[in-house]
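1. Whatever this is, show me its structure:
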Amino acid sequence: MPATTSSLDQAYAVCLRVARRHYENFPVASWLLPTRMRPHIAAVYAFARYADDLADEGVHCPGDRHAALDAWMTRLHLALDRTQDTFEDTPDEDAVCRALAATIRDRELPVSLFEDLISAFRQDVTVHRYVGWDELLDYCRRSANPVGRLVLRIAGYRDAELDRASDDVCSALQLTNFLQDFEVDWLRGRLYIPSDIFREHGATEQQLRAPQLSKAWRTAVAETAVRTRGMFENGRALCDTVGGRLGLELRLTWLGGRRILDRLEMNGYDPRARRPTLGWSEALPLAWKTATWRQRP
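-> Coordinates of the predicted model:
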C-alpha cells in the first residue's frame, strides 16, 4: 500500500521530537522557519543526529561503528526505493528514514550530501587530530557544509554563490563549536586545533595536562578564532541575500556564532577556564540585531 499522508505525518512528528530534545548552538526547525520547511529540516537533522550517535558509541569498536554508519546510509537508500508503506509498529529509526526519503523526493535533494555527512561521521570514529587548516576544513566540508546546502535546497534556493557563502558560515559554526568544546574534546581524546597552528606558537599537547591553559595555547586558540571570524565575514552574503523568515533564522544563527567568539575573546581565549556560551541575557540583544540587520555595503 502506498504511503499515506497520515503515516508520513507521524514519521515527521518523530523527526520533530528528535530535533526538539537536543541542544544545539543554532536553531533547529524553530518557529522562525516557514511552517512548510520545519518537517523537512527536522528530518535532515534527525538523520544526522542518529548518525552522530552511532559514531560516538564508544562502547563499540571502530569497525562496528563504521558498519553501523554504513547500515544507516543503506537504510536511507532502502527507504528511497521502498514502494510499500510499513510505518505501523516500526521503530523511530525507520520513521526518520521514511520521512527523509519523502523530503529528498519532494525537495529534490542530492543524496550525495547525505553521503558526505556519513563520511564525516566515519572519520570521527578514527581521526582525532588534524595537522593543517586545510585538512580540518575538508572535514567541515563534509560534516557541516552539507546541512547548509540542504537547508537552501529545501527553501528553494539553487545558487552557486549562496552555496559558497553557506559553506563559509557552516564551517565557521563547526569551528566555533570546536572552540567551545575544547576542554570536553580533549578529555575525550580529541583535539581540533591543527598541530601546524599550535606548534607554531610553541604549544604542545603535554602542556594540556597542566591545570591551566598556557599562554602558547591561548595564542593558538586566538588564531583559530580569528580565522573562524573571517569565515563568518566571508559568509555574511548569505544573511544579506536570503529573505523572509529563513533569512531571520540565518541572521540570528550568524550573530549567535559571532557572539560566542566575542565571549571567547573576553575570556582571554581560554575555553578551559570558562566555556563560552550564550545565556538568556543575550536573547534580547541578538533578537534586536536580527530584526534591525543591515546589509553590508
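2. Show me the shaky parts of this protein.
-> With pLDDT under 70 as the threshold, the chain has low-confidence stretches at 1-5, 22-32, 58, 83-90, 297.
3. sec struct for Tyr269, please.
-> Using DSSP: H, G, I helix; E, B strand; the rest coil, the structure places Tyr269 in coil.
4. do you know how far it is from Glu223?
-> Taking CB to CB, to the nearest Å as the measure, Tyr269 falls 9 Å from Glu223. All C-beta atoms are positioned from the backbone trio N, CA, C, and that covers glycine.
5. what do those two both touch?
-> When contacts are counted by CB atoms under 8 Å, 6 or more residues apart in numbering, Tyr269 and Glu223 have no shared neighbour.
6. Looking at these two, which one has more neighbours?
-> Between Tyr269 and Glu223, counted using other CB atoms under 10 Å, the more crowded position is Tyr269 (24 against 17).
7. What residue spans form the domains of this protein?
-> Following automatic domain parsing, one gets these domains for the chain: 1-126, 128-297.
8. from the chain's centre, how far out does the longest one sit?
-> How far domain 128-297 lies from its chain's middle: 10 Å, per CA atoms, centre = their mean, to the nearest Å.
9. Also the shortest one?
-> In terms of CA atoms, centre = their mean, the gap separating the centre of domain 1-126 from the centre of its chain is 14 Å.
10. Nearest the geometric middle of this structure, what residue?
-> In the chain, the residue lying closest to the centroid (CA atoms, centre = their mean) is Ala144, at 4.7 Å.
11. That one reaches Ser166, doesn't it?
-> No: in this structure, Ala144 is not within contact of Ser166 by CB atoms under 8 Å, at 9.8 Å.
12. tell me which residues of the longest helix along the chain are tucked away?
-> Taking DSSP state H as the assignment, the helix of the chain that covers the most residues is helix 244-266. Burial within helix 244-266, assessed by neighbour count using 16 or more other CB atoms under 10 Å, is assigned to 245-261, 263-264.
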